[in-house]
Structures are given as C-alpha cells and as structure tokens.
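[1] Kindly return the folded structure for what I paste below:
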Amino acid sequence: MIDIQMASRRPRLDERPLEKRVGLVILATDHTTEVDFQRMVASNRIGVYVSRIHYANPTTPENLLNMQPSLTAGAGLILPGEPLDAIIYSCTSASVVIGDARVEAAIAAAKPGVPVVTPTAAAVDALRAFGAKRISVLTPYTVETSRPMADYFAELGFEIDRFTCLGFTDDREMARIAPDEIAALALDATAPASDALFISCTALRAAQVAGRIERKIGKPVVSSNLATAWACLRLCGEDQAWPQVARLMTMPYPEY
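    Reported below is the predicted structural model:
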C-alpha cells in the first residue's frame with residue numbers, strides 16, 4: 001500500500017496569482033480578440049480571463065442587439081466572486097446598437113465597480129487623445145450594419161470624411177481577411193483631410209498592421225482591439241510606450 005501523508009505545513013498563498021486581472025466577454029465565434037490580448041496585454045503582471053457568449057450570424061443590427069441579455073451572465077462567469085481591474089465587451093458593432101451605457105450597466109450587474117471598456121468608447125478616447133476631429137472609417141460590415149456606427153461618431157462630434165464598408169455578414173470570414181489586405185484597404189479608405197483612421201471590428205486582425213498603416217498614411221490609426229488593449233493596459237497602470245505596435249501605445253489614457 002502506498003503511504004500518503006499530509007505535508008507538515010500549509011503553503012503560503014499569494015493574494016492573487018497575477019497582480020492585475022482583465023476580463024474579456026467575447027462572441028462565441030470570435031477568432032481574434034483572445035489572440036490580440038495575449039499578444040498586447042497579457043504578461044507576468046497582467047492576466048487575461050475570457051468568457052464567451054452566444055452569437056448567431058449574420059451580422060445584422062437585430063442579431064447584434066440579441067446579445068444584450070447574455071452580457072450579465074457572461075461577465076459573471078469570469079472569476080466569480082473575485083474583483084477585476086477592467087472588463088471588456090469585445091464587439092464594436094454590438095456596442096453601438098446596444099449602447100455603451102447599457103453594456104456597462106449589464107456588465108456592472110455581475111461585476112459592480114469594475115471599469116467597463118467597449119471598443120466604441122475606447123476608440124473615441126483614443127481618437128480624442130490624438131485630438132482628431134475629422135476621421136475616416138473602415139469596417140468589414142454591410143452598409144446597413146455600418147450606418148448606426150457612422151451616426152454614433154457623428155453624434156459625438158466627429159466629422160466623417162470617408163466611410164468604407166467591405167460588405168461582409170459573417171464575423172468568422174471577417175477574421176480571415178489577411179492583415180496585408182487590411183493594410184492595403186486602409187490606404188484607399190483614408191481621406192487626405194482626415195486626422196486619423198478608425199478600423200472597426202474586433203474580428204479584424206488590424207492591430208497587427210496598425211503601425212505599418214500609420215507609416216504609409218502619416219496619420220494615427222485606431223482599431224477596435226488596439227483601442228481596448230490600450231485602455232486596459234492604462235487602467236492596469238501599465239504606461240510603457242510601445243511605438244512599434246502603433247502610436248496609440250505611446251499615449252496616456254484620458255482622465256475624466
């Protein structure tokens with residue numbers, strides 16, 4: 001018989017396995033957000049913890065709105081009963097049709113007191129950090145799904161010089177658009193008069209090529225995942241500048 005014994009003492013426990021904790025509420029179909037956050041946010045100091053919620057294509061305003069009831073439960077599944085330093089709902093177009101405030105309220109019902117980040121609100125903060133007033137926008141969506149986003153930025157005081165849609169309806173296909181293709185499309189999507197380019201959609205692998213696009217167009221580039229990663233890093237007290245990723249990663253987070 002194997003002799004099994006109790007250790008002579010109980011090991012000491014750290015307060016947290018990692019100093020900072022970021023939660024991600026993402027779509028069941030999302031191929032990109034986790035990968036981008038592991039690359040841009042996760043470290044030996046910051047942990048990234050993910051919950052997926054149901055989503056059914058095609059990407060229409062109606063289907064995006066249908067995710068709202070799942071937000072509270074999805075957020076509650078991330079380290080239940082433990083505080084987070086930030087939590088993201090990683091869907092740009094749904095944040096527009098649901099509304100930033102309603103997204104925040106739904107997540108706060110499960111994680112009260114935790115800063116909530118949406119791609120839209122983070123993008124606005126990023127564009128304002130650059131002082132951008134005139135913008136160009138590139139989305140993978142249809143015109144129908146893009147129209148509420150155009151209205152969102154216009155209502156916040158941005159002048160939209162050019163708004164380009166690629167016409168996709170399946171977010172899994174959006175995730176398969178090659179980064180080189182995104183970089184090439186971004187050149188045509190940027191109007192000369194614009195102060196910055198916003199590339200919408202957390203499914204797009206735009207953050208990988210944001211710096212390359214900036215060097216081509218000579219203007220700041222903000223993508224959905226780039227903006228939320230930047231916001232999370234700053235909320236976790238990470239102020240290291242990473243100009244090789246994009247100019248945004250050199251900017252401080254605005255204080256309100």
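[2] So residue 48, which state does it fall into?
    Following DSSP: H, G, I helix; E, B strand; the rest coil, the label given to residue 48 is strand.
[3] can you check the one 4 residues further on too?
    Counting by three-state DSSP, the backbone at residue 52 sits in strand.
[4] what about it, how many residues close to it?
    Other residues lying near residue 52 total 17 when counted by other Cβ atoms under 10 Å. In this view, the C-beta of every residue, glycine as well, is placed from N, C-alpha and C.
[5] ok, and what's touching stretch 52-66?
    By Cβ atoms under 8 Å, 6 or more residues apart in numbering, the residues outside stretch 52-66 that reach it are 25-30, 67, 70-71, 73-74, 91, 93-94, 97-98, 141-142, 144-145, 148, 168-172, 174.
[6] What of stretch 39-50?
    Contact with stretch 39-50 is made by 17-24, 26, 34, 37-38, 78-79, 84, 207, 225-226, 229, 232-233, 236, 238, 245, 249, as judged by Cβ under 8 Å, 6+ apart.
[7] one more time with 7 Å, if that's ok
    By Cβ atoms under 7 Å, 6 or more residues apart in numbering, the surrounding residues in contact with stretch 39-50 are 17-24, 26, 34, 37-38, 78-79, 207, 229, 232-233, 236, 238, 245.
[8] Okay, and which of those map to strands?
    20, 21, 22, 23, 24, 26 (DSSP state E).
[9] Which of those residues sits closest to residue 111?
    Checking those against residue 111 by Cβ to Cβ gives residue 23 as the nearest, at 7.2 Å.
[10] So residue 113 lies in a strand, does it not?
    No - under three-state DSSP, residue 113 sits outside any strand and is assigned coil.
[11] How many residues are close by it?
    Residue 113 sits with 7 neighbouring residues when counted by other Cβ under 10 Å.
[12] Return the distance of the lowest-mean-pLDDT helix or strand in the chain from the chain's centre.
    Least confident element among the helices and strands of the chain, by mean pLDDT, DSSP states H and E: helix 61-65 (a mean of 90). Its chain's C-alpha centre and that of helix 61-65 lie 18 Å apart, by Cα atoms, centre = their mean, to the nearest Å.
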